[in-house]
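Asker: Give me a model of this one.
(chains A, B, C and D)
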Protein chains: 2
Amino acid sequence: MELDGRKVTILKAIIKTYLETGEPVGSRTISKYSDLKLSSATIRNEMSDLEEMGYIIQPHTSAGRIPSDKGYRFYVDQLMEEKDQEMNQVQELMFQRVDRLELVLKRLVQMLASNTNYAALISGPQYHQNKLKFIQLSKVDAEKLLLVLVMEGNIIKNSMIPLEKSLRDEDILNLNILLNSSLNGLTVEEINLSLIAKLKEQAGVHSIVVESVLDQIAEAVRAETEDLPIYTSGATNIFKYPELSDGEKASRLLSTFEQKEMLQELIADVNSSEEDAGTGIQVYIGDEMPVQSMKDCSVVTANYVLGEGLRGTIGIVGPKRMDYDKVVSTLRNVMSQLDLAFNKPPEGDGG
Amino acid sequence: MELDGRKVTILKAIIKTYLETGEPVGSRTISKYSDLKLSSATIRNEMSDLEEMGYIIQPHTSAGRIPSDKGYRFYVDQLMEEKDQEMNQVQELMFQRVDRLELVLKRLVQMLASNTNYAALISGPQYHQNKLKFIQLSKVDAEKLLLVLVMEGNIIKNSMIPLEKSLRDEDILNLNILLNSSLNGLTVEEINLSLIAKLKEQAGVHSIVVESVLDQIAEAVRAETEDLPIYTSGATNIFKYPELSDGEKASRLLSTFEQKEMLQELIADVNSSEEDAGTGIQVYIGDEMPVQSMKDCSVVTANYVLGEGLRGTIGIVGPKRMDYDKVVSTLRNVMSQLDLAFNKPPEGDGG
DNA sequence: AATTAGCACTCGTTAATGTTGAGTGCTAAC
DNA sequence: GTTAGCACTCAACATTAACGAGTGCTAATT
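Answerer: Okay, the predicted model is just below:
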């Protein structure tokens, strides 16, 4: 059987209506649909065909039809008309404080959740090539050194290094010079054993401090890459969709959001299949999902890139009947704003 | 009417049973309660008295009794037998990395939630007297200065200061000396207009940098005190208690936990009424709660002190029939461990 | 005087039954 | 190819009935 123009129109009408109402859609509803001048009986015949072809499902005899996963997929791939919606909020957000990345991401995810009415998540950027940009040791008090690391992308890491015995200011200065001249511009992979040995040798009696610094560098990088932070917002939006908010499902979904480990999996999957997607925006519908607890949801994901090898993932989680158009266009918008903000850092300090 | 020994025993039995089952407790159940050798009829008479006195409630005619808020209150104040439970986990946790306070708090709240099976929250420490301990400006690249602030309690704040035009190393050195000598040891309240004017004057052409630094100090302090971080865990535990997990209630509760602003209120209230409580542990039952969305819950709170004026609040949120004994003793335990860990910082650096 | 057994009564819970109405599939007419 | 008409289905809702846990009261017992 062929999916002719009229069938497509009807399928589209069914899905759109269902996206709004969440209730099975009947033939009479569609026959009243302005574009088509057909009786409910004709619609019924077409719907029967569409069901046979697998695009829609009857949840039970003598109920209307709802889209199947295949139907949603067809809709996402072929039928969506992207809305262009203003999102100047992002602009504002970005230019506020580019150096406080964590804060920006938290705000961003909140904004996404409240704009879409779905649950949103965003992974902190992963540093595929994090070069060291700046290292500084300072004496805070007699028994503690403060280590500040700045990496490409202005990621700042601090830690305290306990001292066996106090260091002279001069020694600290020398250590700073040594560390910066040897390590600046290097990625962690490039800091190898022979370099470490050389550093220690040059540090002489203070080699123990150098060791601590290197430990902290390793730790900072590990923390960034291994337990990359995931921010979420609007998880409780799922209560707005009855099909997700009954006890069992809601509990599992919210736990997934609370614990975040599962979300890592999702993000990993997005990154692994990323090559396929041209635009970087992907849609998972129902069973396509790698995460068990989200089998009744759809997820739209996007990868963001902040230049300098920083990349992360944004995800919007909602019911299968989510407003795909809106979500995709919102995400596209955010991506382009992010691009804009981070490829052209704000000029002037704007008081 | 008097609350004699037998009535107390029966009340205790009712509450204990209800804490376990969550179902109204009937007279027959209590008459089988080992300690008492009374028939259900006698129990009924006593229960009737207890109801009249306001300690228990009949949810509807011909149902068993459940504790009223007054009943819970009596239980908490008079009847609880504290269990002493091992919690060596805290010890371990604390000695790992005292300087990564954020991480410690996150782990701690997770542990509390999973140990109690209730929802847990913890506020980051508030700095009532945050003195500046160390200030450092460093040139990261031509157009950016890195500002590092260390406050009492080794709270580290970073920010980037954009530069109009590059500064010489010498200028930066002088600024550092100026800032440290003028501001170290001061609280924010002590940085007043005349001091600011004096600083700017001494900085000469670089007064604009000084201004940025002061802005950042103000901002850092504001961030610490106004939107003090609150970590939560186990919010989804409420699904384990049917009386809290029906749609409406669950939604409101979880939203409260997600958004966190409401939790601020709770914490504020705890701090304001703190003076009353000797031990620092307080119990809010039902309507005693300042937060609307938790009217069906009980909350046990405790204030922790980490020395140097750092203090914060821990809260456990659960159903009214929460296991008060366990929660209170768990909290007590955590408090003492925290005290121990932070009043005696770990000796040696332990590899 | 305190305790207990017995009994009628209440009322939430559950299952069974009836009713309704939206929606279908099919057939025959247009 | 389209439509009107009709019998049929079935989830949702309302009604009713049976059940049983639990009570309050009274009278008998200790």
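Asker: The residue of the stretch 251-351 of chain A at minimum distance from chain B: neighbouring residues, count only.
Answerer: Nearest residue of the stretch 251-351 of chain A to chain B (CB to the nearest CB) works out as residue A:251 at 4.0 Å. Bear in mind the C-beta positions are built from the backbone N, C-alpha and C, glycine included. Applying other CB atoms under 10 Å in any protein chain shown, we find 18 residues neighbouring residue A:251.
Asker: Give me the phi and psi angles of it.
Answerer: phi -60, psi -50 (degrees, to the nearest 10).
Asker: show me what contacts it?
Answerer: B:236, B:239, B:245 (CB atoms under 8 Å, 6 or more residues apart in numbering or on different chains).
Asker: what's the helix or strand hosting residue A:200 packed up against?
Answerer: Under the criterion DSSP states H and E, the helix or strand holding residue A:200 is helix A:193-203. Where contact means 3 or more CB pairs under 8 Å, 6 or more residues apart in numbering or on different chains; DSSP states H and E, helix A:193-203 is packed against helix A:169-183, helix A:207-225.
Asker: what residues does that helix touch?
Answerer: With contact meaning CB under 8 Å, 6+ apart, helix A:193-203 is reached by A:175, A:178, A:179, A:182, A:207, A:209, A:210, A:211, A:214.
Asker: Quick one: mean pLDDT over it.
Answerer: Averaging pLDDT along helix A:193-203 yields 87.
Asker: Tell me what angle it forms with helix A:207-225.
Answerer: Orientation of helix A:193-203 against helix A:207-225 (axes from the mean of the first three to the mean of the last three CA atoms, to 10 degrees) gives an angle of 140 degrees.
Asker: For the residue of the stretch 251-351 of chain A closest to chain B, give me the pLDDT.
Answerer: We have a pLDDT of 88 for residue A:251.
Asker: How much space separates it from residue A:271?
Answerer: 28 Å (CB to CB, to the nearest Å).
Asker: Please apply the same query to residue A:41.
Answerer: Distance from residue A:41 to residue A:271, by CB to CB: 50 Å.
Asker: quick one, which of those two is more surrounded?
Answerer: residue A:271 (16 against 10).
Asker: any idea which element the more buried one lies in?
Answerer: Using DSSP H and E, the element containing residue A:271 is helix A:261-272.
Asker: Residue A:334 touches residue A:109, doesn't it?
Answerer: No. When contacts are counted by CB atoms under 8 Å, residue A:334 is not listed as touching residue A:109 (10.2 Å).
Asker: Pull up the overlap in contacts between these two.
Answerer: residue A:314.
Asker: For the residue lying closest to residue A:10 once chain neighbours are set aside, give me its contacts.
Answerer: Leaving aside its sequence neighbours, residue A:10 sits nearest to residue A:46 (CB to CB, 6 or more residues apart in numbering or on different chains; 5.1 Å). Each residue near residue A:46 by CB under 8 Å, 6+ apart is listed here: A:6, A:7, A:10.
Asker: What of residue A:302?
Answerer: A:280, A:281, A:282, A:313, A:314, A:315, A:331, A:332, A:334, A:335.
Asker: now residue A:131
Answerer: A:151, A:152, A:185, A:186, A:187.
Asker: Please determine how far residue A:322 is located from residue A:15.
Answerer: Residue A:322 is 11 Å from residue A:15, by CB to CB.
Asker: Repeat that for residue A:38.
Answerer: 17 Å.
Asker: and the closest residue to residue A:52 other than its chain neighbours, how many residues sit next to it?
Answerer: Of all residues not flanking residue A:52 in the chain, residue A:1 sits nearest, at 7.0 Å (CB to CB, 6+ apart). For residue A:1, the number of neighbouring residues by other CB under 10 Å comes to 8.
Asker: got it, and residue A:246?
Answerer: 10.
Asker: For it, give me phi and psi.
Answerer: The phi/psi pair for residue A:246 (degrees, to the nearest 10) is phi -80, psi 140.
Asker: show me the contacts for the residue nearest the centre of chain A.
Answerer: Nearest to the mean C-alpha position of chain A, counting by CA atoms, centre = their mean, stands residue A:314 at 1.8 Å. Neighbouring residues of residue A:314 by CB under 8 Å, 6+ apart: A:108-109, A:112, A:120-123, A:301-304, A:331, A:334-335.
Asker: Drop anything exposed from those residues.
Answerer: For the contacts of residue A:314, a burial check counting by 16 or more other CB atoms under 10 Å in any protein chain shown picks out A:108-109, A:112, A:120-123, A:301-304, A:331, A:334-335.
Asker: now those as CSV including pLDDT and distance to residue A:199?
Answerer: As requested, these are exported to CSV (pLDDT from 0 to 100; distance: CB to CB, whole Å):
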residue, pLDDT, distance to residue A:199
A:108, 87, 39
A:109, 91, 40
A:112, 91, 44
A:120, 96, 44
A:121, 96, 40
A:122, 93, 37
A:123, 89, 33
A:301, 93, 42
A:302, 92, 41
A:303, 89, 36
A:304, 86, 36
A:331, 90, 45
A:334, 84, 42
A:335, 84, 41
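Asker: picking that back up, and the contacts of residue A:251 as a markdown table, adding secondary structure and distance to DNA strand D?
Answerer: As requested, the contacts of residue A:251 are exported to a markdown table (DSSP: H, G, I helix; E, B strand; the rest coil; distance: CB to the nearest atom of the strand, whole Å):
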| residue | secondary structure | distance to DNA strand D |
| --- | --- | --- |
| B:236 | helix | 26 |
| B:239 | helix | 23 |
| B:245 | coil | 20 |
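Asker: Closest one to residue A:135 out of the residues you listed, please.
Answerer: residue B:236 (41.9 Å; CB to CB).
Asker: Which residues are in contact with that closest one?
Answerer: A:251, A:254, A:255, A:258, B:254.
Asker: any idea how far the closest residue to the third one other than its chain neighbours is from residue B:111?
Answerer: Just to be clear, that refers to residue A:255. Nearest residue to residue A:255 in three dimensions, chain neighbours excluded: residue B:236, at 4.5 Å (CB to CB, 6+ apart). Residue B:236 sits 16 Å away from residue B:111, going by CB to CB.
Asker: next one: residue A:101
Answerer: Separation of residue A:101 from residue B:111 (CB to CB) stands at 29 Å.
Asker: Buried ones in the helix or strand where residue A:30 lies, by neighbour count?
Answerer: For residue A:30, the element it lies in under DSSP H and E is helix A:27-31. Using 16+ other CB under 10 Å as the test for burial, helix A:27-31 gives A:27, A:29, A:30, A:31.
Asker: on that earlier part again, of the contacts of helix A:193-203, closest to residue A:163?
Answerer: The closest of the contacts of helix A:193-203, once distances to residue A:163 are taken by CB to CB, is residue A:209, at 7.6 Å.
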